[in-house]
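*Asks:* What would the 3D arrangement of this be:
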Amino acid sequence: MKEKRDSMADAYYVGLMGAAGYRDKDLKKPVIGIVNSWNDVNPGHKPFKELVNHVKEGVWAAGGAPAEFTVPAPCDGMAQLIGMQYILPQRDLIAASVEAMAKAHAFDGLVFLCSCDKIVPAMLMAAASINVPSLFLTAGSMVPYDAGDRALVTPDLKESIGARNAGKITDEAFADYKENICFSCGTCSMYGTANTMGVFAEVLGLCPMGSTTMLSCSSAKVRQARDVGERIVALTRAGITARTFLTRDSLRNGILHVSATGGSTNFVMHVMAIARAAGVPMDLKEFDAIQEQTPVIAKFKPSSPYNLTDYHRAGGVPGTLNAIRRHLNLDVPMAFGGTLGQLLDSVSRPVDPAVIHSEEDPLHPDGCFTILYGNLAPQGAVVKKSGVDPKMFYHRGPAVVFDSEEDLMDHLLHSKVEPGCVLVIRYEGPKGGPGMREMSIPAAMLMGMGLHTSVAMITDGRFSGASRGPCVGHIAPEAWEGGPIACLRDGDIITIDLEHKLLQVELSDQELEERKRHIRRPDHPAPGILKAYRDGVGGAHEGALWLMD
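*Replies:* Modelled structure (predicted):
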């Protein structure tokens, strides 16, 4: 990029970078932008304050010049109710801000330090769009809390809210969980969106293997950070850009692996956005056709007893990749050298069959997701089938309709939830919320209350990647856009059929059309940036793209 500056621009560049401490000879080296999502309030990102220095050491040692800049990094777990409206918009804000900074300063290569739910996909979108040499490093996982009889992690805290409300645990136990379950910094030790997206980056070849599943406090993480710093300089000198590792074949590998390991439903939306940024056409039907080709061979918290540390010890990402290797394109390149097949051939570490199953002994035969269609979801809806009790693969029941998450929460806390019903939360889509909030606490409360085998929940909003149970999200078109979910009334009979990929209400087309004439949007304010988001965001079925479309 340096050759694109004329002499006047170069004088300004050298002069102003000199004021920041760079020498003229430093700026003749590859200048590596280090995108740091560190902050003090998000445990998944606090470790980057130290790790960035080790990345810089690696860059300097390899003959490059590191140039750090920062971006926001919100915590989905902290941002509940109104705060959650600002989470998904930040994915596109982060991606756009990285692109703007990287293009403005003409960095030769980029290292992305990212961990949590919206930050990893945002940075993958940015890397795809900017298309300079790029590498990723995640912070590693949180230490699980040893509660004596079992190890507890973040989703156990959410489910304990419902358990306490149902009288299943004491106030003292709940207080202990609040204080101790989030036991250290690092990403929550579960297979939610954060770790799903981190593992996805590893499978693409852009992130070192083990980065996501190893403990954040590992000494290996420091060495890994130096390796990333050194390697990005080599990639930059060779001109090997991000889209080398963001091809249709590599994205397909990533989709297969996430499906085989019971990943987050939010992954579906994020991979659509990443594919668009990489110039790879993809829609929900193609996604579904890819993901159902592989069996589910591993599941992790909250869909099983195993956390991320268990995953790492059991063989980690190489172990799960090897379990499904016949489905993968093994010739795709990896940013740290060689191909995926060569990397897997080099792994000698045995796997724990109790955690990582074989294809001959799968947990589910045909992928962890199901994309549903029907007169309630003409453009699609998403459910994590591997997190649903088989008793609820088919459910037919009367709708109980809510126009916001708050209304649903009040009902769960203060009213009787009748077994057999379908809880409908609408006007929570990208435009309707606005912001497409995740219904993570209501979904966890449903589990904690023991209603997950008798009550279903559907929404045009999202569920947390850590959610389990009969929870159908991403219904499109959303209610705010006049989608059929806006026409529902209490008592309407809804059918959810995962085997036949159906989400249907027992109303005729004529009745739905008549009801559309009487739709009245609720008062969902969109202050400040949320108005711009509502005005510009697309549908969930296309990735809920805003600034990066």
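*Asks:* I'd like the distance between the spatially closest residue to S129 that is not a sequence neighbour and P484.
*Replies:* In space, and not counting its chain neighbours, S129 is closest to A277: 4.7 Å by C-beta to C-beta, 6 or more residues apart in numbering. Bear in mind the C-beta positions are built from the backbone N, C-alpha and C, glycine included. Distance of A277 to P484, computed by C-beta to C-beta, to the nearest Å: 30 Å.
*Asks:* distance between the ends of stretch 497-505?
*Replies:* Stretch 497-505 has an end-to-end distance of 12 Å (C-alpha to C-alpha, to the nearest Å).
*Asks:* List the buried residues of that stretch.
*Replies:* 497-498, 501-505 (16 or more other C-beta atoms under 10 Å).
*Asks:* Equivalent analysis for stretch 155-172, please.
*Replies:* For stretch 155-172, burial by neighbour count (16+ other C-beta under 10 Å) applies to 155-164, 169.
*Asks:* contacts for that stretch?
*Replies:* By C-beta atoms under 8 Å, 6 or more residues apart in numbering, the list of residues contacting stretch 155-172 from outside reads 173-174, 177-178, 181-182, 188, 190, 192, 301-302, 412-413, 440-441, 444-450, 464, 466.
*Asks:* let's go with 6 Å and repeat that
*Replies:* 174, 177, 181, 190, 301-302, 444-445, 447-449, 466 (C-beta atoms under 6 Å, 6 or more residues apart in numbering).
*Asks:* Now for these: which two are most distant?
*Replies:* Greatest spacing in the contacts of stretch 155-172, by C-beta to C-beta: M190 and M449 (20.1 Å).
*Asks:* okay, these two: which has more neighbours?
*Replies:* M190 (28 against 18; other C-beta atoms under 10 Å).
*Asks:* Could you find the closest non-adjacent residue to the more buried one?
*Replies:* Leaving out its chain neighbours, the residue that sits closest to M190 by C-beta to C-beta, 6+ apart is K301, at 3.9 Å.
*Asks:* Now do the contacts for that neighbour.
*Replies:* By C-beta under 6 Å, 6+ apart, K301 lies in contact with 153, 155, 190, 307.
*Asks:* Name the SS class of it, please.
*Replies:* State at K301, reduced to three classes by DSSP: H, G, I helix; E, B strand; the rest coil: coil.
*Asks:* What's the separation between it and L530?
*Replies:* From K301 across to L530, the span is 32 Å (C-beta to C-beta).
*Asks:* what does D24 give?
*Replies:* From D24 to L530 the distance is 46 Å (C-beta to C-beta).
*Asks:* More neighbours: which of those two?
*Replies:* Taking neighbours as other C-beta under 10 Å, D24 and L530 compare with L530 leading, 19 against 10.
*Asks:* Quick check: pLDDT value at the spatially most central residue of the chain.
*Replies:* For the chain, the residue sitting closest to the mean C-alpha position, by C-alpha atoms, centre = their mean, is T193 at 3.0 Å. Listed pLDDT for T193 reads 94.
*Asks:* Let me know the helix or strand that the closest residue to it other than its chain neighbours is in.
*Replies:* In this structure, T193 finds its nearest non-sequential neighbour in G465, 3.3 Å apart by C-beta to C-beta, 6+ apart. Following DSSP states H and E, there is no helix or strand that holds G465.
*Asks:* what's near enough to touch G465?
*Replies:* With C-beta under 6 Å, 6+ apart, G465 has these contacts: 192-193, 196, 264, 266.
*Asks:* 10 Å - rerun?
*Replies:* G465 makes contact with 76, 117, 155, 188, 190-197, 263-267, 270, 302, 384, 438, 440 under the criterion C-beta atoms under 10 Å, 6 or more residues apart in numbering.
*Asks:* From those, which land in strands?
*Replies:* Among the contacts of G465, the residues falling in strands (DSSP state E) are K384.
*Asks:* Now do the helices in the stretch 401-549 of the chain.
*Replies:* For the stretch 401-549 of the chain, the helices defined by DSSP state H, counting those that start in this stretch cover 405-414, 440-448, 509-516, 529-536.
*Asks:* Which one, of these, ends up nearest to A106?
*Replies:* The closest of the helices of the stretch 401-549 of the chain to A106 is helix 529-536. By C-beta to C-beta, the value is 27.7 Å.
*Asks:* which other residues reach the closest one?
*Replies:* Helix 529-536 is contacted by residues 85-86, 88-90, 92-93, 430-436, 480, 524-526, 537, 544-547, 549 when judged by C-beta under 10 Å, 6+ apart.
*Asks:* Assign S160 to helix, strand or coil.
*Replies:* helix.
*Asks:* Would you confirm that G543 contacts R276?
*Replies:* Yes. The criterion here is C-beta atoms under 10 Å, and G543 meets it with R276 at 6.0 Å.
*Asks:* Who are the contact partners of the nearest residue to P43 once chain neighbours are set aside?
*Replies:* Distance criterion C-beta to C-beta, 6+ apart; nearest residue to P43, sequence neighbours excluded, is C185 at 4.4 Å. Neighbour list for C185: 42-49, 115, 139-143, 216-217 [criterion: C-beta under 10 Å, 6+ apart].
*Asks:* Buried only: go through those residues for me.
*Replies:* Neighbour-count burial (16+ other C-beta under 10 Å) applied to the contacts of C185 gives 42-48, 115, 139-143, 216-217.
*Asks:* Could you work out the most separated pair of these?
*Replies:* Checking these with C-beta to C-beta, the most distant pair is F48 and V143, at 17.3 Å.
*Asks:* for this protein, what spans make up the strands?
*Replies:* With DSSP E as the criterion, the chain has strands at 31-36, 65-70, 109-113, 134-137, 145-146, 151-152, 369-374, 377-384, 394-402, 422-425, 456-459, 471-476, 493-497, 502-505.
*Asks:* about what we covered before: name the member of the contacts of C185 with the shortest distance to E406.
*Replies:* N42 (24.6 Å).
*Asks:* M197 versus the nearest residue to the closest one once chain neighbours are set aside, what's the distance?
*Replies:* Spatial nearest neighbour of N42, excluding adjacent residues (C-beta to C-beta, 6+ apart): C75 at 4.3 Å. Counting by C-beta to C-beta, the separation of C75 from M197 is 15 Å.
*Asks:* Compare those two (neighbour count), which wins?
*Replies:* M197 (35 against 21).
*Asks:* just checking, the more buried one touches M269?
*Replies:* No. Contact criterion C-beta under 10 Å: M197 and M269 do not qualify, at 11.2 Å.
*Asks:* so what's in contact with those two at the same time?
*Replies:* By C-beta under 10 Å, 6+ apart, M197 and M269 have these common neighbours: P121.
*Asks:* hang on, the earlier thing: can you pick out the residue with more neighbours from G543 and R276?
*Replies:* Higher neighbour count among G543 and R276: G543, with 28 against 20, using other C-beta under 10 Å.
*Asks:* Return the distance of that one relative to D283.
*Replies:* According to C-beta to C-beta, G543 stands 10 Å off from D283.
*Asks:* list the residues that contact both of the two?
*Replies:* Common contacts of G543 and D283 (C-beta under 10 Å, 6+ apart): 272, 275.
*Asks:* ok, how many other residues are close to the closest residue to A486 other than its chain neighbours?
*Replies:* Excluding the flanking residues, the one nearest A486 by C-beta to C-beta, 6+ apart is A479, at 3.8 Å. Applying other C-beta under 10 Å, we find 27 residues neighbouring A479.
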